[in-house]
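In: Predicted model follows, preceded by the sequence.
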Amino acid sequence: MTHWLIAPIILPALLAPFIVLAARYHITIQRAFSLAGVVAQVVIAAALAWHVSDGTVLLYQLGDWAAPFGIVLVGDQLSTMMVLLTAVLSLFVLLYAIGSGCDNMGKHFHPLFQFQLMGILGAFLTGDLFNLFVFFEVLLIASYGLMIHSGGNARLQAGVQYVLFNLIGSTLFLFALGAIYAETGTLNMADLAQRVTQISPEETVGIRLAAVLLLLVFAIKAALVPLHFWLPSSYAEAPGPVAALFAIMTKIGAYAIIRVYTMVFPPELEATAGLHGQWLLPAALVSLAIGMVGVLAAKKLDRLVAFSVIGSMGMVMVSIALFTPESIAAALYYIIHSTLAGALLFLIADMVRNARGSVDLTAQAPMAGTVLVSGMFFMGAIAMAGLPPLSGFLGKLLVLDAGFASDQVAWIWAIVLISSLISILGFARAGSVVFWKAHSIEAPADAVPGTGPSILSSVAAGGLVTLLVAHTVFAGQVHGYTTRMAATLFAPDAYIATVVETPGKLSTPTKKEDH
Amino acid sequence: MELLVACVIGVMTAGGIYLLLRLRTFPVILGISLLTYAVNVFLFTSGRLVVGAPPVLRDGMDAYADPLPQALVLTAIVISFGMTAVVVMIGLGAFLGSDDDHVDDGPHDHDSTPVEDQP
């Protein structure tokens, strides 16, 4: 049993209190420790991902208690890939936060950032539904602090909305967990997968209710229409780097849906048959359409990016809702793309805000650093709208291809293609108003020139652009890997066997002790 | 007893949802508190209702209460308590800062003048 599997959770959990207690007045030391932690995180995540790439499933039993009695962490290809994605994203986001000085605008940015990472990585690694809830709460509590970092009334108001919506989501999650526990007597995902199949067909009311409740909870996290209302304000009002980190948070919902609905409630399970096709697919298509219409309708650049995140989550969910190995592979490819592209666009919106003083989509005098920022916006917009040559286009092709086998192919193709056109229009309008039209405007004589992005910020955003290009160039390898991953997701026997059959304390009945 | 507990959960959930829909910070926070009470009782009953049975192994006992839901409820209570404190602080900050305790994104967000309370 390797102890490295718990390192991605332990490392930020130790680092965050250390930064608060020992370095709270020294921003340089905070930055150094936070950055070192994130770099170490990338290395650990890469090693874990490499270790499981041949299909082994890593298991960590806390306190050596065997599942389902103890808490387990499980690292398979899917979870380690998401851990690696989170670690890499957080590295660039942290570089940007340091470069733009955002981390110094309020207190405790770095500890909250580390706690946020702990929650996200824990949610990816846990093999237990109740711990998924706990890690959701950890990441949410940290995200509340990060979201209102450096304050402001608009931000606080959006923060209230965000916190309340997520509290309701958490309550719903607890109802779902209670229902699952009452029906099956376990919350360990692998154990649950075995027990759900043993429920007799006449007594599935409770478990069906729980499956739908759980889907609702994950749909809230994934910002699926009609449960997306928390996203636009909170992502738009959050500080730029924080919004960029939040780009991974919607993917946690997608991850949880993939994990639970391939293993515990698979499509062939009679009790929950039709859940994906009848409910998830229409909701996903509507999200895609509403997100992209929102891109066209937005009056501010940050809202535009927030709506594009909803749209791209819609695309991910369309692909997930088809629930074939091909579509899940396409969804996983698109998840990586959409995380990177969404984060890049949030960073660019923040650069525009710093340089121009506002993110309104109205023509203003040219800002500092226009050439660089507009170039990166061009790349980000191409990626997000799904135009060739970047990975958005490839991802969209994969989704369309996976949709070809579905009965709903006409709907899927029509909505994906039309919403792509709308998003291209929206991004083109935003880019031309913010960057081109500026050249026809005279700056007022008393205008205070804003500051362009610092070198470190540019490097961070440039790094995300490079990753997007790499995701395009190595699309064959990445898609091959996600295809193999999807195959193991649809045959979760190795995962279940590893979790349930690995011996530990209590795994065999011990001789009764005398009292 | 099952009927009584079920009714209590139902009434608390209904009250909580009604308060949530008021869309002002204070009723919404009260509503969430009611909902968390409801979910705590609900979690408690997910291990079946047993009276007077010990949750840990003892000699000479053959009926036990399920200890796991009790641990789950404890976690849920702690988390919801902390969360409520956080949301009260953020809500208070937002109200004091902008003199507006609406939770939703309405037209009142973009006006600097507070709008009249709608019926």
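Out: Structure's in. What do you need?
In: Would you state the helices of the stretch 401-515 of chain A in chain order?
Out: Counting by DSSP state H, counting those that start in this stretch, the stretch 401-515 of chain A has helices at residues A:409-431, A:455-473, A:475-490, A:493-501.
In: Nearest to chain B among these would be which one?
Out: Closest approach to chain B among those (CB to the nearest CB): helix A:493-501, 17.6 Å. From N, CA and C alone the C-beta is placed, and that goes for glycine too.
In: Backbone dihedrals for the residue located most distally from the centre of chain B, please?
Out: What lies farthest from the middle of chain B is B:Gly60; by CA atoms, centre = their mean that is 38.6 Å. As for B:Gly60, its main-chain torsions (degrees, to the nearest 10) stand at phi 80, psi 10.
In: Report pLDDT for it.
Out: As predicted, B:Gly60 sits at a pLDDT of 80.
In: how about it, what does it touch?
Out: Residues near B:Gly60 by CB atoms under 8 Å, 6 or more residues apart in numbering or on different chains: none.
In: do the one 10 residues further on as well
Out: When the contact criterion is CB under 8 Å, 6+ apart, the partners of B:Gln70 are B:44, B:47, B:55.
In: Not counting residues beside it along the chain, what's closest to the spatially most central residue of chain B?
Out: For chain B, the residue sitting closest to the mean C-alpha position, by CA atoms, centre = their mean, is B:Thr36 at 2.1 Å. Nearest residue to B:Thr36, sequence neighbours excluded (CB to CB, 6 or more residues apart in numbering or on different chains): B:Ser80, at 4.1 Å.
In: That neighbour: neighbour count?
Out: Using other CB atoms under 10 Å in any protein chain shown, B:Ser80 has 22 other residues around it.
In: check contacts around it.
Out: Residues in contact with B:Ser80 (CB under 8 Å, 6+ apart) are A:167, A:170-171, B:33, B:36, B:40.
In: Which one, of the helices of the stretch 401-515 of chain A, ends up nearest to A:Ile27?
Out: helix A:455-473 (14.1 Å; CB to CB).
In: Give the buried residues for the closest one.
Out: A:457-458, A:460-465, A:467-468, A:471-472 (16 or more other CB atoms under 10 Å in any protein chain shown).
In: so B:Asp101 makes contact with B:Thr25?
Out: Yes. In this structure B:Asp101 lies within contact range of B:Thr25 using CB atoms under 8 Å: 4.3 Å.
In: So for those two, which residues contact both of them?
Out: What both B:Asp101 and B:Thr25 touch, as defined by CB under 8 Å, 6+ apart, is the set B:91, B:94-95.
In: Find me the pLDDT at A:Ala447, would you?
Out: You'll see A:Ala447 listed with a pLDDT of 67.
In: My error: substitute A:Ser507 in the last question.
Out: At A:Ser507, pLDDT is 67.
In: Show me what from the stretch 201-350 of chain A comes close to chain B.
Out: A:229, A:232-233 (CB under 8 Å from any CB of the partner chain).
In: ugh, wrong one, chain A
Out: Applying CB under 8 Å from any CB, we find that chain A lies next to chain B at A:130, A:134, A:137, A:140-141, A:144, A:148, A:151, A:153-154, A:156-157, A:159-161, A:163-164, A:167-168, A:170-171, A:174-175, A:177-179, A:181-182, A:229, A:232-233, A:515.
In: Just the buried residues out of these, in ChimeraX syntax.
Out: Restricted to buried positions by 16+ other CB under 10 Å, the ChimeraX selection for the residues of chain A next to chain B reads:
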select /A:130,134,137,140,141,144,148,153,154,156,157,159,160,161,163,164,167,168,170,171,174,175,177,178,179,181,182,232,233
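In: Could you verify my assumption that A:Gly452 touches A:Ser374?
Out: No. With contact defined as CB under 8 Å, A:Gly452 does not reach A:Ser374; the gap is 11.5 Å.
In: Where does pLDDT dip in chain A?
Out: Counting by pLDDT under 70, the ranges of chain A that qualify are A:1, A:445-449, A:507-515.
In: List the contacts of A:Gly206.
Out: Residues in contact with A:Gly206 (CB under 8 Å, 6+ apart) are A:179, A:182-183.
In: Identify each buried residue in the helix or strand encompassing it, please.
Out: In this assignment (DSSP states H and E), A:Gly206 forms part of helix A:205-221. Residues of helix A:205-221 classed as buried by neighbour count (16+ other CB under 10 Å): A:207-208, A:210-221.
In: Phi first, then psi, for residue 83.
Out: All of this refers to chain A. Dihedral angles (degrees, to the nearest 10) for A:Val83: phi -60, psi -40.
In: um, chain B though
Out: Dihedral angles for B:Met83 - degrees, to the nearest 10 - are phi -60, psi -40.
In: tell me the contacts of it?
Out: A:137, A:140-141, A:163, A:167, A:170.
In: Can you name the two of those that sit furthest apart?
Out: The most distant members of the contacts of B:Met83, if one measures by CB to CB, are A:Glu137 and A:Val163, lying 11.8 Å apart.
In: picking up where we left off before, so how far is the helix or strand hosting the residue nearest to B:Thr36 off the chain centroid?
Out: With elements taken from DSSP H and E, the one containing B:Ser80 is helix B:67-98. Mean-position distance between helix B:67-98 and its chain equals 9 Å (CA atoms, centre = their mean, to the nearest Å).
In: now do stretch A:451-466
Out: With CA atoms, centre = their mean, you get 22 Å for stretch A:451-466.
In: Repeat that for stretch A:62-81.
Out: 21 Å.
In: which of B:Asp101 and B:Thr25 has more neighbours?
Out: Using other CB under 10 Å, the more surrounded residue of B:Asp101 and B:Thr25 is B:Thr25, with 23 against 19.
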